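In: A predicted structure for the sequence below; I have some questions about it.
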Protein chains: 2
Amino acid sequence: MPPIKVKSVQGAPAAPRQHKADAKAAAQPQAKPRALTRIQREKQDVILEAALEVFSMHGFRGATIDQIAEVAGMSKPNLLYYFPRKEEIHRRLMAALLETWLAPLQEMNADGDPFPEIRSYIRRKLEMARDFPRESRLFANEMLQGAPRIIEMIEVDLKNLVDEKAKVLLGWMDQGKLARTDPYHLIFSIWAMTQHYADFDVQVRAVLGPGRGGEGRFEDAARYLESLFLHGLTPRTNTKGS
Amino acid sequence: MPPIKVKSVQGAPAAPRQHKADAKAAAQPQAKPRALTRIQREKQDVILEAALEVFSMHGFRGATIDQIAEVAGMSKPNLLYYFPRKEEIHRRLMAALLETWLAPLQEMNADGDPFPEIRSYIRRKLEMARDFPRESRLFANEMLQGAPRIIEMIEVDLKNLVDEKAKVLLGWMDQGKLARTDPYHLIFSIWAMTQHYADFDVQVRAVLGPGRGGEGRFEDAARYLESLFLHGLTPRTNTKGS
DNA sequence: CTAACATTTTTCCAACTGGTCAAAATTCCG
DNA sequence: CGGAATTTTGACCAGTTGGAAAAATGTTAG
């Protein structure tokens, strides 16, 4: 599983509070947003990075602005200069996350063959669990709370995407290229297993122990999942494959 | 999947703060714990139930005593009469939870045949996801935070149990009754998929939509998982099984 | 260099947090 | 019933929380 390049969690700009710039020169019909400065871009990134760290561990309510500010290496009021409220930070994080999160599924291609496609989808998701565990936990935290801040995106964007890919899977089944099962639960199972290695990482490492819980665990997981999805657990005596 | 009976989350007693009973009659070498009264048992149950609700949604730090007290229908000081601190409530919840959580795996029997055993393990876990989603989320929340309060139980009790069951699986593989794969990741995959239906329930329901997201979703999941674990996704033209 | 703007710090606040305490209300039991 | 023990309440507290205001300091284009 070679290194992959996925942009870290970072979304569209949101200029810092325009101070009391609205009081003076009210002549302008719209306050011109005035492109972000270098410092703004940098600091916002630092803050989002710190917020990812904290939110992903403690959830929205369990995270405090002070803590995020400390991790970001700045004072709380300074942080609040860039993001006027806690919710705003979280929103930015979630918006960027969702894009990143859906990308692997989008890549699943109807013109390809099911097994290579599913195999590489699993690989990509597993790489994300390995390389972006905090993003994974941020997502999981939001889900555990009932997804209050992203429910409509789940119900619309995600649902549409899954519906579309479920049709692709059904198409493959009709062509006899894939066992006939529930395409939705098929997708869920891939999500579940790959998320697991990020979200329950402590447990995975503790159970595997120091010997097998090292970096190799993702390779082992990938191999296991491939064989599970390919043949299940039924023993095959004629083991002649590569 | 018929209804199952698993005791709700409730652990060993922990007598309420003995007031300032220690000041008077210091003659006694050990203060006799004095069995719990009816009210104590009842109220503690009510509190634990409320705490389960709140902790499972917001995690330890995100939950507040006031909120738990409100859900439990009592005042905060009254709640604190039964559990002197927040951590105590959480501990009780976790202790009871772990027992309940490990039970299904313990039941997996080396003398049985692998497929019926694995099949019913999956069923039991899925039933727990359906019937005790809050317990599942409580567990997930603790994991997401790095399991600070139960790490040693994970590293000892859980690890031992899994090591033992991994040997059972390996035994089956040696007998040619089960495909040769990684037994640890096999167990992880069952955990992952079944937890998913409790922890990511919002997502599952939203994606399945009102039509298929109803009660039947657990039956569908059970059927899908059975066929996945049995044969994987490879199409079988000679569909002659029952 | 300097005015205009961007950034940072200091100070402050009201609401909320986990938790205490004594007094009042209730329950229990002989 | 009556007294002892248990349970509940209301007032309170120190520390934390999200956030506001304004003053102080940097930065940069003209």
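Out: That came through fine.

In: give me every residue that touches the nearest residue to A:Leu144 once chain neighbours are set aside.
Out: Leaving aside its chain neighbours, A:Leu144 sits nearest to B:Arg137 (5.2 Å; criterion: Cβ to Cβ, 6 or more residues apart in numbering or on different chains). Quick note: C-beta positions are derived from backbone N, CA and C, even for glycine. Residues in contact with B:Arg137 (Cβ atoms under 8 Å, 6 or more residues apart in numbering or on different chains) are A:Leu144, B:Ser56, B:Met57, B:Ala198, B:Asp199.

In: and the helix or strand where A:Leu102 lies, is it in reach of chain B?
Out: Here A:Leu102 is covered by helix A:86-106, with elements defined by DSSP states H and E. No - contact of helix A:86-106 with chain B (Cβ under 8 Å from any Cβ of the partner chain) is absent, the minimum separation being 11.1 Å.

In: buried sites along that helix?
Out: A:86, A:89-98, A:100-101, A:104-105 (16 or more other Cβ atoms under 10 Å in any protein chain shown).

In: before we move on, what about stretch A:114-124?
Out: Using 16+ other Cβ under 10 Å as the test for burial, stretch A:114-124 gives A:Pro114, A:Phe115, A:Glu117, A:Ile118, A:Arg119, A:Tyr121, A:Ile122, A:Arg123, A:Arg124.

In: Thought A:Ser227 was touching the second one, still the case?
Out: The one in question is A:Phe115. No - look at A:Phe115 against A:Ser227 with Cβ atoms under 8 Å: they stay out of range, at 11.8 Å.

In: Find the centremost residue of chain A, please.
Out: Centroid-nearest residue in chain A, with Cα atoms, centre = their mean: A:Trp101, separated by 3.9 Å.

In: now the longest helix along chain A: how far from the chain's centre is it?
Out: When chain A is parsed with DSSP state H, its longest helix is helix A:38-62. Centroid separation for helix A:38-62 versus its chain: 15 Å, with Cα atoms, centre = their mean, to the nearest Å.

In: Let me know the secondary structure of A:Pro148.
Out: coil (DSSP: H, G, I helix; E, B strand; the rest coil).

In: Contact partners for it?
Out: For A:Pro148, the contact set (Cβ under 8 Å, 6+ apart) comprises A:Glu142.

In: and with 10 Å instead?
Out: A:Phe60, A:Glu142, B:Met57, B:Val202 (Cβ atoms under 10 Å, 6 or more residues apart in numbering or on different chains).

In: burial count for the last one?
Out: Read it as B:Val202. The local packing of B:Val202 (other Cβ atoms under 10 Å in any protein chain shown) involves 19 other residues.

In: Touching, it and A:Glu152? I think so.
Out: No - using Cβ atoms under 10 Å as the test, B:Val202 is too far from A:Glu152 to be in contact (11.7 Å).

In: Can you pull the poorly scored residue ranges out of chain A?
Out: Scanning chain A with the threshold set as pLDDT under 70 gives A:1-37, A:237-242.

In: and it, what are its domains?
Out: A:38-84, A:93-231 (automatic domain parsing).

In: Reformat those domains into a markdown table and put distance to DNA strand C next to each item.
Out: Converted to a markdown table, those look like this (distance: least, Cβ to the nearest atom of the strand, whole Å):
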| stretch | distance to DNA strand C |
| --- | --- |
| domain A:38-84 | 3 |
| domain A:93-231 | 15 |
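
In: so which of the ones you listed comes closest to DNA strand D?
Out: Closest to DNA strand D of the domains of chain A is domain A:38-84 (Cβ to the nearest atom of the strand; 3.5 Å).

In: which ones among the buried residues of helix A:86-106 come in contact with DNA strand D?
Out: A:Lys86 (Cβ under 7 Å from any atom of the strand).

In: returning to that earlier point: what inclination does the longest helix of chain A have with respect to helix B:38-62?
Out: Counting by axes from the mean of the first three to the mean of the last three Cα atoms, to 10 degrees, helix A:38-62 points 170 degrees away from the direction of helix B:38-62.

In: Contacts for the following helix or strand past helix A:38-62, please.
Out: Going down the chain from helix A:38-62, the next helix or strand is helix A:65-72, by DSSP H and E. Helix A:65-72 is contacted from outside by A:43, A:45-55, A:57-58, A:64, A:74-80, A:82-83, A:85-86, A:89, B:61, using Cβ under 10 Å, 6+ apart.

In: Surely A:Leu80 and A:Lys43 touch.
Out: No - the criterion here is Cβ under 10 Å, and A:Leu80 misses it with A:Lys43 at 11.8 Å.

In: can you tell me if stretch A:70-85 touches DNA strand D.
Out: Yes - judged by Cβ under 7 Å from any atom of the strand, stretch A:70-85 comes into contact with DNA strand D through A:Lys76, A:Pro77, A:Leu80, A:Pro84, A:Arg85.

In: of these, buried ones?
Out: For those, buried by 16+ other Cβ under 10 Å: A:Leu80.

In: Name the residues of the helix or strand encompassing A:Ala192 that are buried.
Out: According to DSSP H and E, A:Ala192 maps onto helix A:183-199. Neighbour-count burial for helix A:183-199 flags A:183-199 (criterion: 16+ other Cβ under 10 Å).

In: Could I have the CA atoms of stretch A:80-100 written out in PDB?
Out: Provided in PDB are the C-alpha atoms of stretch A:80-100 (Å, rounded to 0.1, in the frame of the first residue of the first chain):
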ATOM      1  CA  LEU A  80     -11.500  33.700  18.000                       C
ATOM      2  CA  TYR A  81     -10.200  36.500  15.700                       C
ATOM      3  CA  TYR A  82     -10.000  33.900  12.900                       C
ATOM      4  CA  PHE A  83     -13.100  31.900  13.700                       C
ATOM      5  CA  PRO A  84     -15.700  33.900  15.500                       C
ATOM      6  CA  ARG A  85     -17.200  30.900  17.100                       C
ATOM      7  CA  LYS A  86     -16.500  27.300  17.900                       C
ATOM      8  CA  GLU A  87     -19.200  26.000  15.700                       C
ATOM      9  CA  GLU A  88     -17.600  27.700  12.700                       C
ATOM     10  CA  ILE A  89     -14.400  25.800  13.100                       C
ATOM     11  CA  HIS A  90     -16.300  22.600  13.300                       C
ATOM     12  CA  ARG A  91     -18.400  23.400  10.300                       C
ATOM     13  CA  ARG A  92     -15.300  24.100   8.200                       C
ATOM     14  CA  LEU A  93     -13.700  20.900   9.300                       C
ATOM     15  CA  MET A  94     -16.800  18.900   8.500                       C
ATOM     16  CA  ALA A  95     -17.300  20.500   5.100                       C
ATOM     17  CA  ALA A  96     -13.800  19.700   4.000                       C
ATOM     18  CA  LEU A  97     -14.000  16.200   5.500                       C
ATOM     19  CA  LEU A  98     -17.100  15.100   3.700                       C
ATOM     20  CA  GLU A  99     -15.500  15.800   0.300                       C
ATOM     21  CA  THR A 100     -12.400  13.900   1.200                       C
END
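
In: wait, doesn't A:Asp157 sit right on A:Leu98?
Out: Yes - here A:Asp157 lies in contact with A:Leu98, judged by Cβ under 10 Å, at a distance of 7.3 Å.

In: which residues do the two both contact?
Out: With Cβ under 10 Å, 6+ apart as the test, A:Asp157 and A:Leu98 both reach A:Ile150.

In: Tell me if I'm right that A:Ile187 and A:Leu105 touch.
Out: Yes - shown here, A:Ile187 and A:Leu105 form a contact pair, counting by Cβ under 10 Å, at 7.4 Å.

In: re the thing from before, quick one: the domains of chain A as TSV, columns for distance to B:Leu170 too.
Out: Putting those into TSV (distance: least, Cβ to Cβ, whole Å) gives the following:
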stretch	distance to B:Leu170
domain A:38-84	35
domain A:93-231	14
